[in-house]
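Enquirer: build me a structure from this.
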Amino acid sequence: MVTAEVRSTGVKSSPSPRPTRASVLVIVMITLLFATFALLAFMEKAAVDLLVDQRVAVTKRLRTEAYSALEVVLGVLVDFREVGNGLRSPAEGWNDPLAFAGYAPSEGCVIEVTFEDESGKLSLPHINAQVMTNLFMQWGVLKNDADALADALLGWMKRGHVYTSPLQPNYEYGAIPYEPPGRPMRSYHELAAIDRVRDYFYDPDGRPNDAWRRFVDNVSLFDFAKPNLNAAKPDVLAALGQYDPMQTRNVTDYLRGQGNFQTNGPGIFQNNNDVANIAGPTGDAGGFATTIGALRINLTVREGRNEYRVSTVIAPPGGATTVQTTATKKETTTANSATQQQNQPNATQASAKPGGTTGAKDAAGRNLKYPFTLLEIRENDEIYQASATPTT
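Expert: Residues are numbered from 1 along each chain as shown. Below is the predicted model:
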């Protein structure tokens, strides 16, 4: 009995290896699981980093391609400007400048060029109350409301403006007080800050509406004396030239080679007197020019699914300029003169001449005699092309 008891005790006390092996297996599996997650996170981060580097490299390459093509376009425009004593319309033959110059982009790249004559719009720094009222009435606005809109806009842009409408804005009493800048707008989004005007150009949610887009399409922020008749839009012809709808259609069809002028192709006015042959004796063409004062060049480079865009506005000698007037008041005391110069870093800089010959210099400070003034350059930005003239 004693022996049996010992044997029984020995059998019961022998440990089983299964629980230990199961614990080790669980630990190994958890370790592999964490290692897998770490490896996946590392691979994802590495893929993102590689993608960013790839996009940067592609952007640099396409940017170089875009500016190379832009220089070719400018060279072609210089040739046509010198031969024709000014640029008037792409119908002169420079509607496809890259093909004219025989320019071939890099392998796999496709380049598209479109033009928009900024000087075919009304110049906001030169627009007066009557023309602005005519423009709004052309859109179907009642005369009293059109006068009020024009009055509010001029009060925003002109210092010391005397309001003619009974409801005058009080910006200084708003929730966030401010005062009108007293200079022409530098951005179309300034319309959102002007009393009465914001209600017409923006929807209840504060987004620009069709009236805002129509304003952008017919009014330029650049400073030039007269709109180009060869690119004048129908609303501009009606507001400034006071042409009726039939006259406006005839002039537009003549410039585009449409309607009754389809067989003739796009037409060009060499001087203001030529428009009477198309529109008739009524109307006023004296407020127009027949050469381009500001030209927007939209250039797009495509390589597969990659795309790079450049939009630049150029002005020929004697053409458009940007708004140079500052929005700050001039103080008569000398004590604040140093502070004013610090707050106005561009006040002491000489503005570039219309030809652009004073602003373009190389690293050694030598004058490059660049043939155009570059008024604006935007890269990969929203480019408004609703009225752009295609090159094909």
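Enquirer: residues contacting the residue lying closest to residue 238 once chain neighbours are set aside?
Expert: Leaving aside its chain neighbours, residue 238 sits nearest to residue 138 (4.8 Å; criterion: C-beta to C-beta, 6 or more residues apart in numbering). In short, each C-beta sits where N, CA and C put it, glycine included. Counting by C-beta atoms under 8 Å, 6 or more residues apart in numbering, residue 138 touches 235, 238, 239.
Enquirer: can you list the residues you listed in JSON lines and add neighbour count?
Expert: JSON lines is the format used below for the contacts of residue 138 (neighbours: other C-beta atoms under 10 Å):
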{"residue": "235", "neighbour count": "21"}
{"residue": "238", "neighbour count": "22"}
{"residue": "239", "neighbour count": "27"}
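Enquirer: pick the one among those closest to residue 280.
Expert: Nearest to residue 280 among the contacts of residue 138 is residue 238, at 14.5 Å by C-beta to C-beta.
Enquirer: test my guess that that closest one contacts residue 131.
Expert: No. Taking C-beta atoms under 8 Å as the definition, residue 238 is not a contact partner of residue 131, at 10.3 Å.
Enquirer: which strands or helices does the longest helix anywhere in the chain pack on?
Expert: Criterion DSSP state H: the longest helix present in the chain is helix 18-84. In terms of contacts (3 or more C-beta pairs under 8 Å, 6 or more residues apart in numbering; DSSP states H and E), helix 18-84 is packed against helix 97-101, strand 110-117, strand 295-303, strand 306-315.
Enquirer: please redo it, this time with the cut-off set to 10 Å
Expert: Secondary-structure packing of helix 18-84 (3 or more C-beta pairs under 10 Å, 6 or more residues apart in numbering; DSSP states H and E): helix 97-101, strand 110-117, strand 295-303, strand 306-315, strand 373-379.
Enquirer: what angle separates it from strand 306-315?
Expert: Angle of helix 18-84 versus strand 306-315, following axes from the mean of the first three to the mean of the last three C-alpha atoms, to 10 degrees, is 30 degrees.
Enquirer: got the angle for helix 18-84 vs strand 373-379?
Expert: Using the same axes, to 10 degrees: helix 18-84 against strand 373-379 is 160 degrees.
Enquirer: quick thing: my sequence starts at 238, can you match it?
Expert: With the count now opening at 238, the last piece we talked about shows up as helix 255-321.
Enquirer: how does the protein divide into domains?
Expert: 297-357+529-563+590-595+603-627, 364-458 (automatic domain parsing).
Enquirer: chain neighbours aside, what residue packs nearest to residue 471?
Expert: Spatially, and ignoring its direct neighbours in sequence, residue 471 is nearest to residue 485 (4.8 Å; C-beta to C-beta, 6+ apart).
Enquirer: what number of residues lie near that neighbour?
Expert: 21 (other C-beta atoms under 10 Å).
Enquirer: and residue 385, by the same measure?
Expert: Neighbours of residue 385 (other C-beta under 10 Å): 22.
Enquirer: find the nearest non-adjacent residue to it, please.
Expert: Ranked by C-beta to C-beta, 6+ apart and with sequence neighbours excluded, the top spatial neighbour of residue 385 is residue 402, at 4.5 Å.
Enquirer: and the one you found, what's its pLDDT?
Expert: At residue 402, the model reports a pLDDT of 84.
Enquirer: so residue 613 bridges to which residues?
Expert: Per DSSP bridges, the residues bridged to residue 613 are residue 550.
Enquirer: coming back round to it: wait, the residue nearest to residue 471 sits on residue 512?
Expert: No. Counting by C-beta atoms under 10 Å, residue 485 stays clear of residue 512, with 11.2 Å between them.
Enquirer: overlap of the contact sets of the two?
Expert: Residues touching both residue 485 and residue 512 by C-beta atoms under 10 Å, 6 or more residues apart in numbering: 469, 474, 478, 520.
Enquirer: lowest-confidence one in the residues you listed?
Expert: Lowest in pLDDT among the shared contacts of residue 485 and residue 512 is residue 520, which has 90.
Enquirer: got a list of what it touches?
Expert: 474, 475, 477, 478, 479, 480, 481, 484, 485, 488, 512, 513.
Enquirer: and if you look at residue 359?
Expert: Taking C-beta under 10 Å, 6+ apart, we find residue 359 in contact with 368-369, 371-372, 452, 455-457, 461, 463-464, 469-470, 472-473, 476-477, 524.
Enquirer: find me the pLDDT at residue 609, would you?
Expert: Reading off the model, residue 609 has pLDDT 93.
Enquirer: ok, now residue 599?
Expert: According to the prediction, residue 599 has pLDDT 58.
Enquirer: hmm, back to that, and among the domains of the chain, the most buried is which?
Expert: With neighbours taken as mean count of other C-beta atoms under 10 Å, the domains of the chain reach their highest mean count in domain 297-357+529-563+590-595+603-627, at a mean of 17.
Enquirer: quick one, helices of the stretch 438-587 of the chain?
Expert: 447-455, 471-477, 482-493, 513-516, 574-580 (DSSP state H, counting those that start in this stretch).
Enquirer: got JSON lines for those helices, with distance to residue 407 too?
Expert: Converted to JSON lines, the helices of the stretch 438-587 of the chain look like this (distance: least, C-beta to C-beta, whole Å):
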{"stretch": "helix 447-455", "distance to residue 407": "24"}
{"stretch": "helix 471-477", "distance to residue 407": "29"}
{"stretch": "helix 482-493", "distance to residue 407": "39"}
{"stretch": "helix 513-516", "distance to residue 407": "44"}
{"stretch": "helix 574-580", "distance to residue 407": "26"}
